Each structure stands twice: as structure tokens, then as C-alpha cells.
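Undergrad: can you look at this prediction? I've put the sequence above it.
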Amino acid sequence: MKKTITKLDALPKLTKKTRVAAYARVSSGKDAMLQSLAAQVSYYKKLIQENKEWEFIGVYADEALTGTKDSREEFQQLLTDCRAGQVDMIITKSISRFARNTLTLLETVRELKSLNIDVFFEEQNIHSNSGEGEMILTFLATFAQEESRSTSENMKWRIKKDFEQGIMWGGKSCLGYMIEDKKPVVIPKEAATVKLIYQLYLDGKGADAIGKILDLKGIKPQYASKWNRSSIMHILTNYNYTGDLILQKTFRENHLTKRKIINSGEYDQYAVKNNHEPIISKEVFDKVQTIKRERAERTKPNPNKKPRVFKGMLKCGICGRTYTHKSTPHNEIWKCSLSVTKGIEACPSKQVPDTAIKEVFNEILNQDNFSEELFKKKVKFIIVNPDNHLVFHFKDLSVIDYQWEPRSRSRIWTPKMKEQARKRALKQHQGGAFHGESHSHSIND
């Protein structure tokens, strides 16, 4: 039999489009910068889609304070998609937009190179996968990093000189003031709110109570929908309301991270007297600080106090907040923290006596005496639901819903407590008669 050979032509190779993504970044939240970011996104989208050899993957865009990769969500997502094999090439404006320091740049470029992903830097006209790409990138990144450091040092010097002359820099305007030509100018309506907050605090109201009053009056905070403790306390400790100014209360860690740090003596501070129109007098401000310190001393935790076994274990079944401990004249109770700070309008949950939790636990485990050690060993957390339901979630993953019966106060009062209540009632009765109040009760009532 004669052997025959037939040639089979190779199939034509299909051309595969290069999958291209772009990365853009601006360094602050100013409107002009955000417009620049939007313009970059539009530019890259058009650039990639108009190239017939490219497939548009997307534009990854960050608004960030730093050029470190860990702080940029979109940059991290871009790297994740690259590792998943979804990108062949990245286009970015410049080295400084891709990474602010040399180490971050080289680590990222080398990883992408190992994945056969090219990075094209427009301003420098460099492809990272080219033969001399890494050498040029190292040089240019070092130069960009040094330029950034030099710019940062020049800016620090300029800010310091302005501080020495009493000129403020940066910072958001606080409630009651707007910033015009680097100087606070009073906003009358907001100033009235600041004065009300100080007056309520002098009248004995706490930060949570003040926030609740303002919410009920329909007075809105500056940067949120509702008031909270921290916003009230920030206003009560803001020295700027006295018309004086403290400059350089914070500083930036360095030109790379740009992390804001509270100035605790690392740099000089500058006190500017009578810088602007005051909203609060110095006497009122000092009095509030004194009351604040006195309250802090009274509420300072006792280091010898034994931690409560249910702390952090009780969760509200209505709002999800943690229950907090409260002491009443007759009982130890636990209440939803939201209900405590914002009232029943925010969360209508009910309080739970400390004794009820212990009794329910004993009932479930069929024991007479409550053991803190056993409770911590067995229980993961407890959900407090309406209608006196306690839902115990155990560490063995079992769940038990138990409805406890509230005991009347008379049943839990000791003879001493009953005697004290009788004396209070007698005193109130005598006080009413002394003031000429009429009583229609007869001896047979």
C-alpha cells in the first residue's frame, strides 16, 4: 500500500484586541480638582474607544490625599483586575499620578510586568515593558519624589511665615462662621445656635440632651442630618468662638502620607488675640470648660470597679445598638444606648433588669445560683426583643428564646426600701398641707 501525505493548512490566527484600562487621580476634594478628574475620565474613555486595536476595560479614578497605593480604592481594584487577567495595558497621565514614591512605583510596575501587563506614562512617553523602561522610571520617580518633598518644604515655610503674622491656613469653617480672605466672619443664624448650645450646657444639660433638643427644634448641624455627642462637644471646646485664634493645632506627617496629626508640642503654636468677632465671651467659654472638667472627674471610671458580666453582650432587637448599664435607686438595669442618648422617639425598646437576665440564664440551665464564669463560657450574645423576650445565642450555636415576667416593684423591695418610700410619701404629704393644698381623701378612702 502506497503511503500518501496530505497537507492541512493552518487556521488563520485571529487578531486579539489589547484590553486597555486607564488610571486617573486628583489630590484633593476641591470642585476644580473634581472637574479635572471628570475631564480625565472622559478623555481616557474616548482615547481608548477610538482605537480599533484596543478593547475598553474601564477608567479607574481616585480622589485621594496621597499617592500611596494602600489608600486608593480604585487603584487597588485595578490591581485586582490585573491579577485576574482582565487587563493587558494601563494608561496613566504621569509617574506622580500613578505613585508618589519610588518604592511603590517599582513594586507595582514589577508585579504588573510579571503579569505581562504594560503601563504607559503619557507625560514621560515611557512603556514600563520596554527594555530601558525600568531604569528610566527609577530615575524619574526619584526625581518626582524629591520634587514633591521640596514643594512640601516650601509650602511648610510659607505657612509658618503666615502663622507668625497671624494669618490662618486651611481648615473647614466651623458652625457660626464662614471663611472670607482667611478670616472667620459671623453667620448670625448659626451663631445663635452656638450660643444656645453653650447656654443649655451651662443650664446643666449634657451633650446628648442638647443634641436631642436641637433635633426637636429642627435645627440642623453643619455636616450631618442629626446632632451627636462629638459634634456638640467639638463646639463646646472650640476656642475660636471667643474671637481669638490658635494656629497650627495640626500638621501633616510628611509629603508622602500627608496624614493629619494633632500638634502635641512637635511644632510651635501661635495665639492670635482679637482676630475676629466673638460669638462666645471668654468668661462663658472658661466656665464651660470648668464644668466639663468637673463632669469628667465625676464620671471617671473606677479602676478598682469590677467589670460587669453583661457589658457588650446585650443587643437591641429593634435598632441593633448595644445595651448599656444604668443604676436606679431600686435596681440595676440595662437600656438600649440609642434610647438612652436619643430617647424613645429614636428607639422604643424597653429596659431589662440585671436580675431578670441572671434568672433567665439560671432557668435555662436549671441551676439555682448565677455563675459569671459559666455565663461567659456558654453565652455568645443576647438579643433583647420587645414583649420581654430575651434570645440567648450560645457558643455551641444553639439559640433559646425566653419570655421573662416582670416582677412588681413591691415584690422586690426590701423592708428598708419600703420604709424609705413611706417616709418620702409622708414628707410629700406634709409639704402639700403646709403649702395650703386641699385633700379630698377621707379616712375611709
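TA: Great, that's in hand.
Undergrad: low-scoring stretches of the stretch 51-200 of the chain, by residue?
TA: Applying pLDDT under 70 to the stretch 51-200 of the chain flags residues 64-71, 100-103, 131-172.
Undergrad: now do the helices in it.
TA: 73-83, 95-98, 102-114, 133-164, 188-202 (DSSP state H, counting those that start in this stretch).
Undergrad: domains of this structure?
TA: 18-147, 177-298, 314-405 (automatic domain parsing).
Undergrad: tell me the most buried of those?
TA: domain 18-147 (a mean of 17; mean count of other C-beta atoms under 10 Å). Quick note: C-beta positions are derived from backbone N, CA and C, even for glycine.
Undergrad: report the contact partners of residue 83.
TA: By C-beta atoms under 8 Å, 6 or more residues apart in numbering, the contact list for residue 83 reads residue 115.
Undergrad: pull up the gap between it and residue 128, please.
TA: 16 Å (C-beta to C-beta, to the nearest Å).
Undergrad: quick check: bridge partners of residue 402?
TA: residue 390 (DSSP bridges).
Undergrad: that one touches residue 363, doesn't it?
TA: Yes - here residue 402 lies in contact with residue 363, judged by C-beta atoms under 8 Å, at a distance of 7.0 Å.
Undergrad: just send the domains of the chain back as TSV, with distance to residue 4 too.
TA: Below are those laid out as TSV (distance: least, C-beta to C-beta, whole Å):
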stretch	distance to residue 4
domain 18-147	43
domain 177-298	72
domain 314-405	72
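Undergrad: so which of those gets nearest residue 5?
TA: Comparison of those against residue 5 by C-beta to C-beta identifies domain 18-147 as nearest, at 38.0 Å.
Undergrad: now stretch 386-394 - C-alpha only, PDB.
TA: Taking Å, rounded to 0.1, in the frame of the first residue of the first chain, the C-alpha atoms of stretch 386-394 are listed here in PDB:
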ATOM      1  CA  PRO A 386     -40.000  43.500  72.500                       C
ATOM      2  CA  ASP A 387     -42.500  42.000  74.900                       C
ATOM      3  CA  ASN A 388     -39.800  40.900  77.300                       C
ATOM      4  CA  HIS A 389     -38.200  38.300  75.000                       C
ATOM      5  CA  LEU A 390     -34.500  37.500  75.600                       C
ATOM      6  CA  VAL A 391     -33.000  35.500  72.800                       C
ATOM      7  CA  PHE A 392     -29.800  33.700  74.100                       C
ATOM      8  CA  HIS A 393     -27.200  32.800  71.400                       C
ATOM      9  CA  PHE A 394     -24.900  30.200  72.800                       C
END
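Undergrad: which residues touch that stretch?
TA: Taking C-beta under 8 Å, 6+ apart as the rule, stretch 386-394 contacts 317-318, 349-350, 352, 356-357, 360-361, 364, 378-385, 399-406.
Undergrad: avg pLDDT for it?
TA: Taken as a whole, stretch 386-394 has an average pLDDT of 91.
Undergrad: likewise stretch 208-221?
TA: 89.
Undergrad: for it, C-alpha coordinates in CSV please.
TA: The C-alpha trace of stretch 208-221 is given here as CSV (Å, rounded to 0.1, in the frame of the first residue of the first chain):
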residue,chain,number,x,y,z
ASP,A,208,-26.8,64.0,74.3
ALA,A,209,-29.7,66.0,75.8
ILE,A,210,-28.6,69.2,73.9
GLY,A,211,-28.5,67.2,70.6
LYS,A,212,-32.0,65.9,71.3
ILE,A,213,-33.3,69.5,72.0
LEU,A,214,-31.7,70.8,68.8
ASP,A,215,-33.2,67.9,66.7
LEU,A,216,-36.7,68.5,68.2
LYS,A,217,-36.3,72.2,67.3
GLY,A,218,-35.5,71.3,63.7
ILE,A,219,-32.0,72.9,64.0
LYS,A,220,-29.6,71.0,61.7
PRO,A,221,-25.9,70.5,62.3
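Undergrad: what residues does that stretch touch?
TA: Against stretch 208-221 from outside (C-beta under 8 Å, 6+ apart): 175, 193, 196-197, 200-201, 205, 226-229, 231-232, 340-343.
Undergrad: before we move on, the earlier item: in helices, which of the contacts of stretch 386-394 appear?
TA: 356, 357, 360, 361, 364, 378 (DSSP state H).
Undergrad: in contact with the residue nearest to the fifth one when sequence neighbours are not counted, which residues?
TA: Translated: residue 364. Among residues not flanking residue 364 along the chain, residue 400 sits closest, at 5.7 Å (C-beta to C-beta, 6 or more residues apart in numbering). Contact partners of residue 400, counting by C-beta under 8 Å, 6+ apart, are 364, 391, 392, 394.
Undergrad: would JSON lines of those with distance to residue 59 be doable?
TA: Listed next are the contacts of residue 400 as JSON lines, based on distance: C-beta to C-beta, whole Å:
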{"residue": "364", "distance to residue 59": "57"}
{"residue": "391", "distance to residue 59": "48"}
{"residue": "392", "distance to residue 59": "51"}
{"residue": "394", "distance to residue 59": "50"}
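Undergrad: the residue nearest to residue 311 when sequence neighbours are not counted sits in which helix or strand?
TA: Nearest residue to residue 311 in three dimensions, chain neighbours excluded: residue 325, at 6.8 Å (C-beta to C-beta, 6+ apart). In the assignment (DSSP states H and E), residue 325 maps to strand 323-327.
Undergrad: partner strands of that strand and their direction?
TA: Assessed with DSSP bridges, strand 323-327 is paired to strand 332-336 (antiparallel).
Undergrad: tell me the mean pLDDT for stretch 406-417?
TA: On average, stretch 406-417 scores 55.
Undergrad: again but with stretch 362-374, I slipped
TA: Computed over stretch 362-374, the average pLDDT equals 88.
Undergrad: dump that stretch to PDB, restricted to CA.
TA: This file holds the C-alpha atoms of stretch 362-374, laid out as PDB (Å, rounded to 0.1, in the frame of the first residue of the first chain):
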ATOM      1  CA  ASN A 362     -30.400  30.100  85.600                       C
ATOM      2  CA  GLU A 363     -33.800  28.900  84.400                       C
ATOM      3  CA  ILE A 364     -32.400  27.800  81.000                       C
ATOM      4  CA  LEU A 365     -29.500  25.900  82.600                       C
ATOM      5  CA  ASN A 366     -31.700  24.600  85.500                       C
ATOM      6  CA  GLN A 367     -29.500  26.000  88.200                       C
ATOM      7  CA  ASP A 368     -30.000  28.000  91.500                       C
ATOM      8  CA  ASN A 369     -27.100  30.400  91.600                       C
ATOM      9  CA  PHE A 370     -25.800  32.600  88.800                       C
ATOM     10  CA  SER A 371     -22.200  32.000  87.700                       C
ATOM     11  CA  GLU A 372     -20.300  34.700  85.800                       C
ATOM     12  CA  GLU A 373     -17.700  32.200  84.700                       C
ATOM     13  CA  LEU A 374     -20.300  29.800  83.300                       C
END
